[in-house]
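Peer 1: here is a sequence together with a model predicted from it:
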Amino acid sequence: MLYLESCRISVFGRKKYGKVFTYWLGTTPRIVVLDPEMIKQILSNKFGHVEKAVPNIQLRRLTGDYSLTRVEGEEWARHRRILNPVFHLENLKSMVPVVASSTVKVLEKWGDAIARGVKEIEVYEEFRCLTADVIARTAFGTSFEQGKDVFIMLAEQTVLAGRAMGQFYIPGSRFLPTADNLRAKRLERAMQKSLRRLIMNRKENADMGKTECYGSDLLGLLIAAYNDELNARKNFVRVSLEHVVDECRTFFNAGHETTSTLLAWTIVLLGMHTNWQERAREEVLHLFKKETPNADALSRLKVVNMILYEALRLYPPVAVMVRTTYKKMQLEGLTLPAGTELVLPTIAVHHDADVWGKDVNDFNPGRFSQGISKACTHPAAFVGFSMGPRVCIGQNFALIEAKVVISMILQRFSFVTSPGYVHDPAWILTVRPRHGAQISFQELTS
């Protein structure tokens, strides 16, 4: 509810107070920043005065305390250095066949449903299942069956966190012995135990020579990276194990939730704007014909890329980013004391007519025809993946996955939004369709 309140305050406050204004959250001063140049300065963190706000217990259960999203300073720099090779483009390209394989199964299921006379398919939940399968296979490919159990627990933890954040906040409520709180604690213990066992089994098999390496999936790359970094200190179990556990669950939650919402909104928008759907299909068929999309050609998808950016602009998965000053700093003539929370409402900035033009609320992928820098008057007005040193490390993975899935849908189906679809975006962890995304599909003839 606190984050939802931040969204409401940013929208209504701007009309009355402009692009920078203050409000109080209990005893904590909060400054809402809608000015792109100031947002750029905050996210670039040039002088090191700003850090990410400490999340509540529900979000911490999704990311842990040792992941890249949680650590700061030198510890963050070390994590980023270790993880950068994991998300290198060549490693990501090798995951394209996994994405395609998971997508084929979903599309076959849709095709069977259409043949049986099913009139509409609710794609948001379908995409949540698809992206969960992709994440499980790319993260734990050689230990998929074991990893699948972990991700089932993580998915349930996500539901519990979303439910808790959608309720009115009562201080100390996390300590109450409610059914959700007790279930969340049990899931946390079971998930940690399963991940530790899986990681140690993978490491021991490689160290004993039973396997040539730790594996080429995300888990294997993570273990190798942390093992190389910490091997000299001989403290893998004590330090690096916790890091790998938290990076795995962060990768699942960030990649699973954000990519599924991006896919859902993209299909909804293309179902509403069939002219852009046809343009995208022409491009996909020209590049791939009816063949499975290949990694090298994905970068040549210009129209699809524009559409994905526009979907991210209209419905950014993360509606609000919050940063905290940990020492006094100057920002565009303002003196901010330590402990000030800086609220950066992504969704409000993405809908600012001053930087995006009068058609700010319209679906117009053409605005990105010359890239992000030419789409608006300030590059910091588009922060779908954040920006600066803490830009989302998984953005290339998300876009590659989205391009593969959207391309394969366009190859096989035409579609429109169903008469039963109710357009009601809601922020529950991510910006998602509150009542689902009902789409009517039709098989394309050869």
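Peer 2: Arrived safely, thanks for sending.

Peer 1: pull the longest helix from the chain.
Peer 2: helix 241-272 (DSSP state H).

Peer 1: from the chain's centre, how far out does that one sit?
Peer 2: The chain centre lies 4 Å from the centre of helix 241-272; the measure is Cα atoms, centre = their mean, to the nearest Å.

Peer 1: with stretch 362-382 instead?
Peer 2: With Cα atoms, centre = their mean, you get 20 Å for stretch 362-382.

Peer 1: not counting that stretch itself, show me its contacts.
Peer 2: 36-37, 39-40, 43, 269, 272-273, 276, 302-303, 305-307, 309-310, 312-314, 349-350, 352, 354-357, 359, 387 (Cβ atoms under 8 Å, 6 or more residues apart in numbering). All C-beta spots, glycine's among them, are computed from the backbone N, C-alpha and C.

Peer 1: give the buried residues for it.
Peer 2: Across stretch 362-382, burial judged by 16 or more other Cβ atoms under 10 Å covers Phe363, Asn364, Pro365, Arg367, Phe368, Ala375, Cys376, His378, Pro379, Ala380, Ala381, Phe382.

Peer 1: okay, these in JSON lines with distance to Val159 next?
Peer 2: Converted to JSON lines, the buried residues of stretch 362-382 look like this (distance: Cβ to Cβ, whole Å):
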{"residue": "Phe363", "distance to Val159": "30"}
{"residue": "Asn364", "distance to Val159": "34"}
{"residue": "Pro365", "distance to Val159": "32"}
{"residue": "Arg367", "distance to Val159": "35"}
{"residue": "Phe368", "distance to Val159": "33"}
{"residue": "Ala375", "distance to Val159": "35"}
{"residue": "Cys376", "distance to Val159": "35"}
{"residue": "His378", "distance to Val159": "37"}
{"residue": "Pro379", "distance to Val159": "36"}
{"residue": "Ala380", "distance to Val159": "33"}
{"residue": "Ala381", "distance to Val159": "33"}
{"residue": "Phe382", "distance to Val159": "30"}
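
Peer 1: returning to what we had before: among the contacts of stretch 362-382, name the buried ones.
Peer 2: Buried members of the contacts of stretch 362-382, scored by 16+ other Cβ under 10 Å, are 36, 39-40, 43, 269, 273, 276, 303, 305-307, 309-310, 312-314, 349-350, 352, 355-356, 387.

Peer 1: partners of the host helix or strand of Val343, with directions?
Peer 2: Assigned by DSSP states H and E, Val343 belongs to strand 341-344. Using DSSP bridges, the strands paired with strand 341-344 are strand 28-33 (parallel), strand 321-325 (antiparallel).

Peer 1: residues contacting the most centrally placed residue in the chain?
Peer 2: Nearest to the geometric centre of the chain sits Thr258, at 3.0 Å (Cα atoms, centre = their mean). Contacts for Thr258 (Cβ under 8 Å, 6+ apart) come out as Pro317, Val318, Ala398, Thr430.

Peer 1: how many neighbours does the third one have?
Peer 2: A total of 22 residues lie near Ala398 under the criterion other Cβ atoms under 10 Å.

Peer 1: please enumerate the strands of the stretch 251-400 of the chain.
Peer 2: 321-325, 329-331, 334-336, 341-344 (DSSP state E, counting those that start in this stretch).

Peer 1: show me what the last one is in contact with.
Peer 2: Taking Cβ under 8 Å, 6+ apart as the criterion, the residues outside strand 341-344 that touch it are 6, 9-10, 25, 28-33, 39, 42-43, 50, 53, 320-325, 336, 383.
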